[in-house]
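> heads up, no residue letters with this:
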C-alpha cells in the first residue's frame, strides 16, 4: 500500500470554537483525510449562554458550552468515524466523556528544526487566535497530560491516559509531515465565511 | 547617725547617696488596706438560665426556581466528495519516480508559509466557497507527497497556482520571465491529480509547442501529453483521442481545423475540454480574427489566458481576451476605471520588481551609430524618392504606402543594399569580440530573416546559430540545445517573430536589438528570453540605432509609448493606445494623414 493511500485512509476530526463578541460562539468541526483534504465540515449557528447559565455554571460554563453543547452537536452530525478528534481549545476536551474516540488538545504547531527542546513551544502559526500555548517552565495545565507526537505537543485529559496511546498509534506515522495546528485556521476562515452569510 | 547626716527612709527601703553628707530621718506612714475580689468565688457560682416559650409567627421563607434550560445548538453540514482522482493519481505517482520527489529547498519563500486557495468572487454558493476555502495550503499538498517538484517553486508562483486553481475564468498576466508556464502547468497538474478536471487543451503559438511539451516533462512528468499535429486525418484522430489528459495545439493549426469543422457541419467532432489554456493570449485580441473565433468555439468548462502583455495597444485587446474568458463581461465602451474594477478578480499580474529583490538588473545602452557613407547615400536617395512618391499620391496615400517606405529605410539602416556595408554590424562585431572573449553568450534580434542571414555570414567567426522562420521547426530544438550547452556557440541570431516569446535563454548575458520593433512590449518579450528566472548576472541590452534616420524618429515615439505603458500598469489598468497611431506614422515623414480614418498600426 502506498504511503499516500495509507495516509488517505486516516480520517481526523478538528474541532474549535470561535467567539464573536456579541454574536456569541461559533463552533466548527472539520473532518480531513490523511492528505489534509476536507471530507466534511459542520458549523453551528451562534450560541449564546443565558444569564442563568453564566451565573450558575460559573467556571464550568465554558467546558459545558464548548464541549458538551457545541462539540456534542457537531460531532454527532458527522457521517464518518475519525481516528481522533483534535482541538485547540482546552474547554472542548469536556466533550471527551460523550464520544468514544480519543481526543487531544494541540498545544502548538510543529517545532522549527532549530528550536531547542527546552524553548517555549511557540510554533510557526502559534500567533493564531485561539491557539493554546504552553510554556514548559510553567508546567502542564491542570488536569492535562502532555506528550509529544512527531514535532507536535499535545495534551489529553489526565483521566484519559489511553487516549495518548491510541493517538500515538493512529497518527504517529504521518504526524511528522502534517501541521496539526493548521486546520484550525481553515475552520476559523470557514466560520467567518459562513457567518458573513454566504449562501 | 552622725551629725549633719541626712537619711531618706522609705518604708522598707533605705538609700545612701554616695555623697550625702547630711541626712535627716523622716518617718512616713502609708496606710495599706487589703480587699477581696470575689473572682474565685464567682467561678464556682452557677449561671442562671431562664427559659421562655415563644409562639412561631409569620410566613414560611420564599424560594425561587430558576430553569437553566439546555441550549439548542443548530448546525449546518457540508459534505465534500472524496476526490476520485486521488486514487488514480496516487498510483500514477508511484509509477513515476520523479512525480513524488520531495520538495527541495534552495528557492525563495519562507518554509513555514501557507499559501491558501481562496474562492473567487464569482463563486457565490456557500458550499462551493467552503470547498476551496477548506483546502489545505499548497505547501501541505507538496509536503505530503501528493505533488513533487524538481526545484522548490517561488512563493509568488505558489500564489499564482492558488489563484488559477479555483478559477473558471482567469488571466495570468505576469511580466515575462516569471514562469507563467510553470504556474499554469502546476495548477493543471493539481486539478488533474485531485480529479477536478480530466481533459485540458493548451493552445500556444507554433514555435512554443516544443517548449510547452518540455515544460510539462519538467514540472509534471507523470502527466501524459500529446501534441496535435500531422496530417488532417491524424489530427482529427488526436482531437477525438480519449484518455489523454493534456493536449497541445498551436493557433495556426487550430484555425485550419476549425475551418474544416465549420465546413463539415454536423459531422464535425463534438469535442469538450474541462479546461482550455491560451498561451500568449494577445493572439486573440482581435475578436473578429479567425483565431479568436476558433478558440471561442471550443466547448469548455474553464478558460484561462496567459499573457505578459494583456494590453498591447488598447482596451480592445483586453475585451478580445475576455470574449474568450467571460463573454460580455467587458465592452469597448466601458471606462478604464470600470474595466479595472470589473476584471480585478480575474487578472493576476506581478512584475519582477514586485516579486524579486535579487533578480540581476537589466542594463540598457543605446548604441548610436552613424551610417557609413555608402549607407548614408542609399538612405538619402531612398527617403527623398519615397517621400516624393507619397506626396504625389495625395489623398490616395494609405498607411500601407507609408509602411513600405519605413521598412525600406530601416533595411538600409541595417545594410546598404548595394555594398552590404553596415555601421551597425561594425559596432556589433566590436561588442561581440568582447562577449566572446569573456566566455559569455549573446542574443541578436532582428525583425528580418534576411538581415539575420547576412549577419550569420558576416559573424561566422563567432559560430552563430540561427532561430527564425527560415529554420525548419524540426531543427529548432537542436539549435536551442546547442546554444545552451555548447561553449563554442556564442551568438544566437533570432527573429522577434519566432523567438520573441516562450523561450528560456538565461544563458545569454547580452541582448542586441539590431533593429527596433514597433511596439515596446514586443521588445520586452524578446529581452525577457535572457532576463528571467534563473538569470545569474546582469543582462546588458544594446539597442543599435542609426542616428539621423527613421530609426531615431521611431525611437523617440517608442520611448513616449513605453512611459505610457508603464504608467498604465502602475495605475492598475487604465489602458490606452501604446502602438503607433496612424497620425504618428505619417508624422515620421512630416506628412498629414488622409482625411478618412484608417486602421492604426
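Noted; the coordinates are in hand. Just so it is clear, the structure is predicted and the values come from calculations on it, not from any experiment.
> interface residues of the stretch 201-350 of chain B facing chain A?
When proximity is defined by Cβ under 8 Å from any Cβ of the partner chain, the stretch 201-350 of chain B lies next to chain A nowhere. Glycine gets a C-beta too; all of them are placed from N, C-alpha and C.
> ranges for the strands of the stretch 201-350 of chain B?
Counting by DSSP state E, counting those that start in this stretch, one finds strands in the stretch 201-350 of chain B at the ranges B:225-227, B:246-250, B:272-279, B:299-306, B:347-348.
> now the second one against strand B:272-279, angle please.
So that's strand B:246-250. Counting by axes from the mean of the first three to the mean of the last three Cα atoms, to 10 degrees, strand B:246-250 lies at 50 degrees to strand B:272-279.
> mind listing the strands strand B:246-250 pairs with, and their directions?
Note on strand B:246-250: by DSSP bridges, its sheet partners are strand B:200-204 (parallel), strand B:225-227 (parallel).
> can you give me the domain assignment for chain B?
For chain B, whose domains are defined here by automatic domain parsing, the residue ranges read B:1-27, B:161-355, B:361-601.
> show me the shaky parts of chain A.
Across chain A, the ranges flagged by pLDDT under 70 are A:1-9, A:108-142, A:174, A:197-199.
> which helix is the longest one in it?
For chain A, the helix reaching the highest residue count under DSSP state H is reported as helix A:182-195.
> and that helix, what other elements does it pack with?
Judged by 3 or more Cβ pairs under 8 Å, 6 or more residues apart in numbering or on different chains; DSSP states H and E, helix A:182-195 is in contact with strand A:11-19, strand A:25-33, strand A:38-44, helix B:126-133.
> give the buried residues for it.
Using 16 or more other Cβ atoms under 10 Å in any protein chain shown as the test for burial, helix A:182-195 gives A:182-191, A:193-194.
> now distance to residue B:216 too, for the residues you listed, in CSV please.
Formatted as CSV, the buried residues of helix A:182-195 follow (distance: Cβ to Cβ, whole Å):
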residue, distance to residue B:216
A:182, 30
A:183, 32
A:184, 37
A:185, 33
A:186, 31
A:187, 36
A:188, 37
A:189, 33
A:190, 34
A:191, 39
A:193, 35
A:194, 39
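> single out the most deeply packed of the strands paired with strand B:246-250.
Burial of those is given as mean neighbour count (mean count of other Cβ atoms under 10 Å in any protein chain shown); strand B:200-204 ranks first at a mean of 26.
> just want the angle from it to strand B:299-306.
40 degrees.
> what does strand B:200-204 rub up against?
Strand B:200-204 has contacts (Cβ atoms under 8 Å, 6 or more residues apart in numbering or on different chains) with B:184, B:188, B:191-192, B:211-212, B:245-251, B:254, B:273-280, B:295, B:298, B:300, B:502.
> and the average pLDDT for it is what?
The average pLDDT for strand B:200-204 rounds to 97.
> where do the strands of chain A begin and end?
Taking DSSP state E, the strands of chain A run over residues A:11-19, A:25-33, A:38-44, A:84-87, A:103-108, A:144-149, A:152-157.
> which helices and strands does the fourth one pack with?
If I follow you right, that is strand A:84-87. Strand A:84-87 packs on strand A:11-19, strand A:103-108, helix A:161-171, going by 3+ Cβ pairs under 8 Å, 6+ apart.
> ok, and does the shortest one reach over to chain B?
No - when contact is scored as Cβ under 8 Å from any Cβ, no part of strand A:103-108 falls within range of chain B; the minimum is 12.7 Å.
> and that strand, which strands flank it?
strand A:84-87 (parallel), strand A:152-157 (antiparallel).
> what about it, distance to the chain center?
6 Å (Cα atoms, centre = their mean, to the nearest Å).
> so which bits of stretch B:437-447 are buried?
Under 16+ other Cβ under 10 Å, the buried positions of stretch B:437-447 are B:441-447.
> thinking again about what came up before, tabulate the strands paired with strand A:103-108 (TSV), appending mean neighbour count and distance to residue B:471.
Shown next, in TSV, are these (neighbours: other Cβ atoms under 10 Å in any protein chain shown; distance: least, Cβ to Cβ, whole Å):
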stretch	mean neighbour count	distance to residue B:471
strand A:84-87	25	61
strand A:152-157	24	58
